[in-house]
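1. build the 3D model from these lines:
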Amino acid sequence: MINEIVNAANCGFLPGADADENSAALNKAAENGGTVRITVPGVYDISEPIYLGSDTALYFAPGVTLRRVPCKNGDNGNAFVNRGAFTGKPDHNIGIYGLTLLVNGTECLRAELGGTKTVIGLRAHISFLYVEDLTLSGITVPDLCKIDYAISVCEFRRALVENCRLEGDKDGVHFGPGTDFTVRNCVFRTTDDAIALNCSDYSISNPTLGSIENGLIENCLDLPDTPTLSMFLRILVGGWKHWEKGMRVFHSDAVIHNGRLYRVVMRPDNESYISDTPPTHETGFAEYDGIRWVRTHLGYAPEALPVTANCRNITVRNCTILRARPRQVLIYASYDEWLHSYHPGCPQPEVKDIRFENVQVLAETEHFIHIETKTENVSVINCALRGSDIIETPNRQMTPYPKAEIRFGGEEG
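-> Sure, this is the predicted structure:
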């Protein structure tokens, strides 16, 4: 339970103050949890991550803007991140309310490139990994750059993202594995995906792999801008296997060995490598046979490690799409130089019970939905699709599977 109320100004968090001092002051205000209020209007520079633990709520008053600036040695972390992201021990009951964050050209020095303040794959300005009961409300990020997402939430139970406005070059809301989420009343103008449900992803883009279930996306607006190849909604699934001597691996491949899950971190160039020595290290990166591996899924018991990344029970309703794209929704398992998300011979991942209700596509669109993996029970109800279609293409990694089940209801056109 959140009890104590702290005024961040009393800890030295002030507009116009030095960025290093402000970072230390806001971390001090939040170090013991409770309700932290930032009430003095103005622009606050921060240069270091703000670390949040359980039972912590940050409230930013109208007129308060946080502005990222690079730290002095260039080792930038996330703007906000929970402490459990680094330990695998879940944090719970965290909220950020009313934040306006200016990226200001500052992005993470990612872990695979030597960053010491980041977790590989956790590449958003507002990042949470291993978290329960998370609320992100009234957040504005107007100037996303080309690398870091606005919001990333992974290994979660119960996450709410509401009343946010996210704009710029990279993803707006990026989910990794978890269950029970809501994204509602949000406005997007992002050159990359507005919303990503990436059960699988590149090793440098998702900190873990696994299923995403029980989600609601409602009352969201995708603003017009120049046409883009990204999606309003991306769903990416996959499957992997246990390590075997002599196996051929590619960048981003995942394997399980000795009760741990590891991923390959090399180059996205479609080069393959023969693995004769299993990864065995407990944390971080290590190299075996010239292959760089990173351990993921901290805190997982061996029997709980996932072997497939599924997406189930997702509803998208009352959303309006105004940005032109070749495809507005992509449901697939990846096979490219960045990621072979499915290993042949593994159980096929499941995409099931995906519903679109009262979705309005008002921009030039060729395909409303493109399906490229095994998918069951897709419903399209009372949607206006502006002449776009729904297509399905086979996934060349997988053995043949039944065609997708797609049900229509109400009016569409």
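2. could you use CA atoms for every contact and neighbour count after this?
-> Fine.
3. tell me the helix or strand right after the host helix or strand of His92.
-> Per DSSP states H and E: His92 is located in strand 91-97. Next along the chain after strand 91-97, taking DSSP H and E as the criterion, comes strand 101-102.
4. beyond that next one, next helix or strand please.
-> Taking DSSP H and E, what comes next after strand 101-102 is strand 124-137.
5. and the angle from that following strand to strand 91-97?
-> Per axes from the mean of the first three to the mean of the last three C-alpha atoms, to 10 degrees, the angle that strand 124-137 makes with strand 91-97 is 90 degrees.
6. what residue ranges in this structure score low on pLDDT?
-> Along the chain, segments meeting pLDDT under 70 span 1-3, 411-413.
7. spatially central residue for it, please.
-> His174 (2.6 Å; C-alpha atoms, centre = their mean).
8. from the contact counts, what lies against the helix or strand harbouring that one?
-> Using DSSP H and E, His174 sits in strand 173-175. Contacts defined by 3 or more C-alpha pairs under 8 Å, 6 or more residues apart in numbering; DSSP states H and E place strand 173-175 against strand 149-162, strand 195-198.
9. now the first one: how far from the chain's centre is it?
-> The one in question is strand 149-162. For strand 149-162, the separation from the chain centroid amounts to 7 Å (computed by C-alpha atoms, centre = their mean, to the nearest Å).
10. who does whichever helix or strand comes after that strand pair up with?
-> Using DSSP H and E, the helix or strand that directly follows strand 149-162 along the chain is strand 165-168. Strand pairing for strand 165-168, determined by DSSP bridges: strand 140-144 (parallel), strand 187-190 (parallel).
11. out of those strands, which is the most enclosed?
-> Scoring the strands paired with strand 165-168 by mean neighbour count under mean count of other C-alpha atoms under 10 Å gives strand 187-190 as the most buried, with a mean of 26.
12. ok so, going back, the helices and strands packed on strand 173-175: which one's closest to Asp20?
-> strand 149-162 (22.0 Å; C-alpha to C-alpha).
13. what does stretch 31-42 contact?
-> For stretch 31-42, the external contacting residues (C-alpha atoms under 8 Å, 6 or more residues apart in numbering) are 2-9, 14-16, 29-30, 51-65.
14. any idea how far that stretch is from the chain center?
-> Distance, stretch centre to chain centre, for stretch 31-42: 26 Å (C-alpha atoms, centre = their mean).
15. stretch 125-137 too?
-> On the basis of C-alpha atoms, centre = their mean, stretch 125-137 sits 10 Å off its chain's mean C-alpha point.
16. residues in contact with it: which ones?
-> For stretch 125-137, the external contacting residues (C-alpha under 8 Å, 6+ apart) are 78-82, 84-85, 88-98, 103, 107, 122, 148-164, 207.
17. returning to what we had before: tell me which of the contacts of stretch 31-42 fall in strands.
-> Secondary structure from DSSP state E places 5-7, 51-52, 56-60, 64-65 of the contacts of stretch 31-42 in strands.
18. who does the strand holding His174 pair up with?
-> Partners of strand 173-175, by DSSP bridges, with direction: strand 149-162 (parallel), strand 195-198 (parallel).
19. between strand 124-137 and the helix or strand following it, find me the angle.
-> Using DSSP H and E, the helix or strand that follows strand 173-175 in sequence is strand 178-184. With the same axes, to 10 degrees applied, the angle from strand 178-184 to strand 124-137 works out at 80 degrees.
20. could you export strand 178-184 as PDB, CA atoms only?
-> Presented in PDB, the C-alpha positions along strand 178-184 are these (Å, rounded to 0.1, in the frame of the first residue of the first chain):
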ATOM      1  CA  GLY A 178       2.700 -11.000 -19.600                       C
ATOM      2  CA  THR A 179      -0.900 -11.300 -18.800                       C
ATOM      3  CA  ASP A 180      -3.900  -8.900 -18.300                       C
ATOM      4  CA  PHE A 181      -3.200  -5.500 -19.900                       C
ATOM      5  CA  THR A 182      -5.200  -2.600 -21.100                       C
ATOM      6  CA  VAL A 183      -4.200   0.200 -23.500                       C
ATOM      7  CA  ARG A 184      -7.000   2.800 -23.600                       C
END
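21. turn the strands paired with strand 173-175 into CSV, columns for mean neighbour count.
-> Listed next are the strands paired with strand 173-175 as CSV, based on neighbours: other C-alpha atoms under 10 Å:
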stretch, mean neighbour count
strand 149-162, 24
strand 195-198, 24
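22. dump those strands to JSON lines, plus distance to Arg312.
-> Below are the strands paired with strand 173-175 laid out as JSON lines (distance: least, C-alpha to C-alpha, whole Å):
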{"stretch": "strand 149-162", "distance to Arg312": "15"}
{"stretch": "strand 195-198", "distance to Arg312": "11"}
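23. minimum distance to Asp180: which of the ones you listed has it?
-> Among those, the nearest to Asp180 by C-alpha to C-alpha is strand 149-162 (4.7 Å).
24. so Ile314 sits right up against Asn377, yeah?
-> No: contact criterion C-alpha atoms under 8 Å: Ile314 and Asn377 do not qualify, at 10.9 Å.
25. neighbour count winner among those two?
-> Between Ile314 and Asn377, Ile314 has the larger neighbour count (other C-alpha atoms under 10 Å), namely 23 against 16.
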